[in-house]
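> Got a predicted model here, sequence first, then my questions.
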Amino acid sequence: MIKKLFPVMAVLALFSCNSEIKKENHEVEIETPKVEVINHSYSKLEEVKTIRLNLELSLDVDNRVIDGVARHHMKNLGFEKAYFDIKDIDIKKVTLGKSNNEIQTNFEIGDYDSLLGAPLTVDLSKTDSLINIYYSTSPDSEALGWLSPELTGSGKHPFLYTQGQAILTRTWIPIQDTPENRITYSATVEAPEGMLPLMSATNPTELNESGVYQFEMEQPIPCYLLALTVGELEYRRLSENSGVYAEPHMIDAAEKEFKDIPKMIDAAEGLYGKYSWDVYDVLVLPYSFPFGGMENPRLTFLTPTLIAGDGSLVSTVAHELAHSWSGNLVTNASWDDFWLNEGFTVYFENRIMREVYGDEVAEMLSIIEFQELQNTIDDMNSKGENLDTHLKLDLDNRNPDDGMTDIAYVKGAFFLKTIEREVGKEKFDEFINAYFNEYKFKTLTTEDFIEYLNSNLLTPNDITFNTEEWIYGAGIPDNVVKIESKRLTIVQDLANKFKTGEPLPKDLKRQDKTTQEWMAFIRAFDGELSKEKMMEIDKQLNFKNSGNSEIMSEWFVLGIKNDYKEIRPEMKAFLVQVGRRKYLEPLYTTLADSEETLDWAKEVYKDARPNYHAISFNTVDEILGMK
Ligand SMILES: [Zn+2]
């Protein structure tokens, strides 16, 4: 809340004997009303909202700062204030009007909230619709992952990438930071020599002479999908409308690993209709990227941990591609409805994997995910957080990242799979096609979805379904679809026999089984396997040095639980290199369980933390009790 002091000339008639009128100067304290927060944003879209944004950005890589002008073209429904979200951004001035005729205007910055940042309130007239905000980011801006040259492949240039979801776009652009609104944007980016900038927009494929690059995103997107990266990058085309960007040392491996992307696009279009974003490129980022992937439109960001050498982790690419429909085209209106983005996407990802790699692979992936969902639910229940096992969440006054769990992703997907079983694949596919068509370039709430589901699928087909229990209830309803996989049963049996003393078949090699089979094999030990037996497995299958991050992280967790200290050099190398939160969270959580391992973790963390993005180190700080 801002307090403003208004000098007030109060005229006080004091009837003294000479009837003299005295004037006194008073200062009256007036409190400006606190700007209301709706869905993690201070913006009041119903009054003045951005329709199009033009960005002018220049990068100061030495000081880790972006200097920018954000020119907001607004729809003003006759109001005299516009509201934006900002966090760790320095506002230099705000003007109104076109760039050759700008007039400076007043603005206020409200109280800082550690989660939401602050409201930026700009004065304008009822007919103004163009607001220009001059600003610079701070080196602490949470969306910005700045890497020093040593953390890149060639070591020649620094690297920058942004991560906007959920509410971090406000840390690099003053913006109305809610998924409820969609905007188009253009940008001009001035990049340092030798560094190629890319955005979630039309992109260059090589460096130009001037170092100034133009970007355009013509389709309206929610602002968490605004993205920028700058680094030493190369491009390889995979097909007419797809390709891959990576650092030079990784480009060959990336091209090979992701060669099936054109097949995935064909499969996705075959299922749910034409791809709406013209081009589908992927960008392999350095290891500090905190997520598996981020579905920035036209340019998916990926972690290099997906490069396993055998294409075995490409389901994440199918996932990000699926977001081109669910999430990017049809978007959750608030973070409470996050399952609408992710549940649909996990469901759709699995359909793409089934089309391209067959039923067995798709089923193994589903079972592995379902095991993770069950663990998440057990864990939430044990902490008394069973409200978080609902699909529809209430994240008011909480970090929306709290909703990024297996519930939104996997429970959401199993909800859809269960309806699919109930109505049959054909009808369900028709329904989803119609749904994507009805809501394309729009946002919707869970309640909008329920209404659409009832009137377009369940009621016309006379089907009773426990939708409310799935969405507003805890845990997994009993009618959940059951999935089986013979191949996983075989490796689980193998693990059980090994545990009871039978040796592994002598000719068994790691490459004989898929990543998902080995994950099921490791999980079958249920957290218990003697150090000696783990060493025996490593001797034959070398999990600890497999180069496959999914297998390594599962193996390391089992190793910590069973005091397999010999694994520490490999585990340390992994923790220092990889910044993907999905792996860091279980590893550090398990390490924090005993005093001795916690001390070791803290030592390793000294070297590792500088390599992580804020999204990851905030999580690990908390796990290690360093906050
Ligand atoms: Zn996703």
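Received the coordinates, thanks.
> Quick check: the most centrally placed residue in the chain vs Cys223, distance?
For the chain, Gln165 is the residue whose C-alpha lies nearest the centre (Cα atoms, centre = their mean; 4.7 Å). Taking Cβ to Cβ, to the nearest Å as the measure, Gln165 and Cys223 are separated by 10 Å. For the C-beta atoms, the positions are set from N, CA and C on the backbone; glycine is no exception.
> Show the average pLDDT along stretch 288-308.
For stretch 288-308, the mean pLDDT works out to 96.
> Identify each buried residue in stretch 73-81, please.
When burial is assessed from 16 or more other Cβ atoms under 10 Å, stretch 73-81 yields the following buried residues: 74, 76, 79.
> Restricting to C-alpha, output that stretch in CSV.
Backbone C-alpha positions of stretch 73-81 (Å, rounded to 0.1, in the frame of the first residue of the first chain) are rendered in CSV as follows:
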residue,chain,number,x,y,z
HIS,A,73,-1.0,-1.5,-27.0
MET,A,74,-4.0,-1.5,-24.7
LYS,A,75,-7.7,-1.9,-24.9
ASN,A,76,-8.9,0.8,-22.6
LEU,A,77,-12.6,0.6,-21.6
GLY,A,78,-12.6,4.2,-20.4
PHE,A,79,-10.4,4.1,-17.3
GLU,A,80,-7.6,6.4,-16.1
LYS,A,81,-5.3,3.9,-14.6
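> Determine how far that stretch lies from the middle of the whole chain.
In this view, stretch 73-81 has its centroid 30 Å away from the chain centroid, taken as Cα atoms, centre = their mean, to the nearest Å.
> Residues of the protein that sit close to the ion?
Contact residues (Cβ under 5 Å from the ion) of the chain with the ion: 342, 345.
> Pop the domain breakdown of the chain in here.
Domain assignment of the chain by automatic domain parsing yields the ranges 37-227, 233-308, 325-472, 486-623.
> For Thr316, find the nearest of those.
Distance to Thr316, taken as Cβ to Cβ, is lowest for domain 233-308 among those, at 4.5 Å.
> Next, the distance between the ends of that closest one.
Using Cα to Cα, to the nearest Å, the span of domain 233-308 from its first residue to its last is 20 Å.
> so can I have TSV of the buried residues of stretch 73-81 showing secondary structure and distance to Leu196?
Compiled in TSV, those are given as follows (DSSP: H, G, I helix; E, B strand; the rest coil; distance: Cβ to Cβ, whole Å):
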residue	secondary structure	distance to Leu196
Met74	strand	32
Asn76	strand	37
Phe79	coil	41
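> Go through those and say which is closest to Thr152.
Checking the buried residues of stretch 73-81 against Thr152 with Cβ to Cβ, the nearest one is Met74 at 38.8 Å.
> sec struct for the one residue in the stretch 401-550 of the chain that gets nearest to the ion, please.
When distances are taken as Cβ to the ion, the stretch 401-550 of the chain reaches nearest to the ion at Tyr409, 6.9 Å away. Assigned with DSSP: H, G, I helix; E, B strand; the rest coil, Tyr409 falls in the helix class.
> The one 5 residues further on too?
Put simply, Phe414 is helix when judged by three-state DSSP.
> again with the one 5 residues further on
Taken by three-state DSSP, the conformation at Ile419 corresponds to helix.
> Can you give me every residue that contacts it?
By Cβ atoms under 8 Å, 6 or more residues apart in numbering, Ile419 lies in contact with 428, 453, 457, 465.
> same check, this time on Ile261
Counting by Cβ under 8 Å, 6+ apart, Ile261 makes contact with 238-239, 242, 244, 280, 282, 317, 321.
> switch to 6 Å and redo it
When contacts are counted by Cβ atoms under 6 Å, 6 or more residues apart in numbering, Ile261 touches 238, 242.
> just to revisit the earlier point, make CSV out of the buried residues of stretch 73-81 and add pLDDT.
CSV is the format used below for those (pLDDT from 0 to 100):
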residue, pLDDT
Met74, 98
Asn76, 98
Phe79, 98
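> Looking at those residues, which one is closest to the ion?
If you rank the buried residues of stretch 73-81 by distance to the ion using Cβ to the ion, Met74 comes first, at 30.2 Å.
> As a check, name the ranges of all strands in the stretch 51-200 of the chain.
Taking DSSP state E, counting those that start in this stretch, the strands of the stretch 51-200 of the chain run over residues 65-76, 81-86, 89-96, 103-104, 107-109, 118-123, 130-137, 144-147, 159-162, 183-190, 196-199.
> circling back: now tabulate the buried residues of stretch 73-81 in TSV and tack on distance to Glu360.
Below are those laid out as TSV (distance: Cβ to Cβ, whole Å):
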residue	distance to Glu360
Met74	53
Asn76	56
Phe79	58
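> ok, back up a step: what's the burial count for the residue of the stretch 401-550 of the chain closest to the ion?
Neighbours of Tyr409 under the rule other Cβ atoms under 10 Å: 24.
> Am I right that it is in contact with Thr345?
No. Contact criterion Cβ atoms under 6 Å: Tyr409 and Thr345 do not qualify, at 7.7 Å.
> any weak-confidence spans in the stretch 501-627 of the chain?
Along the stretch 501-627 of the chain, no part satisfies pLDDT under 70.
> Quick check, the residue in it closest to the ion?
Lys582 (11.8 Å).
> tell me which element that residue falls in.
Assigned by DSSP states H and E, Lys582 belongs to helix 581-591.
> Mind listing residues that contact that helix?
Outside helix 581-591, the residues touching it (Cβ under 6 Å, 6+ apart) are 290, 553, 556-557, 560, 597, 601, 616, 619-620, 623.
> Which of those has the largest number of neighbours?
The member of the contacts of helix 581-591 surrounded by the most neighbours (other Cβ under 10 Å) is Ser616, with 26 neighbours in all.
> residues contacting that residue?
By Cβ under 6 Å, 6+ apart, the contact set of Ser616 is 290, 579, 581, 584.
> and it, helix, strand or coil?
Put simply, Ser616 is helix when judged by three-state DSSP.
> repeat for the one 5 residues further on
Put simply, Asp621 is helix when judged by three-state DSSP.
> With adjacent residues omitted, what lies nearest to it?
Among residues not flanking Asp621 along the chain, Lys627 sits closest, at 4.7 Å (Cβ to Cβ, 6 or more residues apart in numbering).
> ok, now Glu550?
Leaving aside its chain neighbours, Glu550 sits nearest to Thr515 (5.3 Å; criterion: Cβ to Cβ, 6+ apart).
> The one you found - how many residues pack around it?
Other residues near Thr515 number 21, with proximity taken as other Cβ under 10 Å.
> who's in contact with stretch 338-351?
Counting by Cβ under 6 Å, 6+ apart, 271, 318-319, 322-323, 326-327, 332, 362, 366, 391, 403, 408-409, 412-413, 416 sit against stretch 338-351.
> buried residues in the longest helix anywhere in the chain?
Of all the elements of type helix in the chain, the one with the most residues (DSSP state H) is helix 359-382. Neighbour-count burial for helix 359-382 flags 361-373, 376-377, 380 (criterion: 16+ other Cβ under 10 Å).
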